[in-house]
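Colleague: sequence first, then the predicted structure, then my questions.
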Amino acid sequence: MHSYFIDKALSDLFCATFEKRTLLENIEVKKLLKVEKHEYYDIKTEHWTVCGKDKTEMVSAYTKAGKYIGDPKTAKMLAEKFGIKEMEPAEPDHNVCSIGFDPDKKTWYGWSHRTICGFTEGDMLFEENFGNDKTLFKKHGRVKITNMDQAKQAAINFAKSVS
C-alpha cells in the first residue's frame, strides 16, 4: 500500500463510509498504466483501488525520485513558471512535495494549494507570526537570510504555515 495525497473532495466522495480509517489507509495502487517523462518530473497514470472501489484511474505528477507533487498542471507550473527543478516534502514524514529549489535563481520555494513564495539571500527567514497583513512574506521575519540553508528553512517554514 502506498500513501498519496488526495484532495478533500475525493476523500469525502470515497470515504464517507470509512469513519474510523483515513483515506490514505484505503488507497492501493493496483497497476501502473502509463508514464509520461518530463525533464524534472514524471506523470503517471495509475489504476487505484480507493476505499474498496476498483477501476479508479488517477493521473498524478511525481519527482524523479518518486515523491508525489500533485496534479500534472501543478507540476508543470512549478517547473516551467518558477524554474523549480528539485522538489521535496517540507518534512521527512510528509508525503507531498511542498518545497523546491530553482538553481538558476538560487531560490528556495515553499507552497501549498493556496500560494507560493520564493526565498533567497537577502530575504528574511520566514516567521508566520511576524509583521501584519501588509508585510510581504519575504519580509516576514527577524533574521536576514545569508545562505541557502536558511533560504531552505524559510521555504519550509512558509510551506508549513500555508498548508
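Modeller: That came in fine, so what should we check first?
Colleague: show me what the longest helix that the chain contains packs onto, helices and strands only.
Modeller: For the chain, the helix that runs over the most residues, judged by DSSP state H, is helix 148-162. The elements that helix 148-162 packs onto, with contact taken as 3 or more CB pairs under 8 Å, 6 or more residues apart in numbering; DSSP states H and E, are strand 97-102, strand 107-111, strand 116-119. Heads up, the C-betas are built off the backbone N, CA and C, glycines and all.
Colleague: got the phi/psi numbers for residue 114?
Modeller: phi -100, psi -30 (degrees, to the nearest 10).
Colleague: now do the phi/psi pair for residue 72.
Modeller: Main-chain torsions, residue 72, degrees, to the nearest 10: phi -60, psi -40.
Colleague: actually residue 139, sorry about that
Modeller: The main-chain torsion angles of residue 139 are listed as degrees, to the nearest 10 and equal phi -110, psi 10.
Colleague: so what's the residue count around it?
Modeller: Applying other CB atoms under 10 Å, we find 12 other residues in the vicinity of residue 139.
Colleague: likewise for residue 144?
Modeller: The number of residues packed near residue 144 is 11, by other CB under 10 Å.
Colleague: so it makes contact with residue 120?
Modeller: No. With contact taken as CB atoms under 8 Å, residue 144 and residue 120 are classed as non-touching, separated by 11.2 Å.
Colleague: low pLDDT regions in this protein?
Modeller: Residues of the chain that meet the criterion pLDDT under 70 lie in 1-27, 29, 52-55.
Colleague: columns mean neighbour count and distance to residue 162 on top of the helices and strands packed on helix 148-162, output as a markdown table?
Modeller: Compiled in a markdown table, the helices and strands packed on helix 148-162 are given as follows (neighbours: other CB atoms under 10 Å; distance: least, CB to CB, whole Å):
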| stretch | mean neighbour count | distance to residue 162 |
| --- | --- | --- |
| strand 97-102 | 24 | 9 |
| strand 107-111 | 26 | 7 |
| strand 116-119 | 24 | 8 |
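Colleague: ok so, going back, can you give me the angle the longest helix of the chain makes with strand 97-102?
Modeller: In terms of direction (axes from the mean of the first three to the mean of the last three CA atoms, to 10 degrees), helix 148-162 departs from strand 97-102 by 150 degrees.
Colleague: so which bits of helix 148-162 are buried?
Modeller: Using 16 or more other CB atoms under 10 Å as the test for burial, helix 148-162 gives 148, 150-162.
Colleague: where do the helices sit along the protein?
Modeller: Secondary structure of the chain (DSSP H): helices located at 8-15, 72-76, 148-162.
Colleague: which one of those helices lies nearest to residue 109?
Modeller: The stretch from the helices of the chain with the least distance to residue 109 (CB to CB) is helix 148-162; that distance is 5.7 Å.
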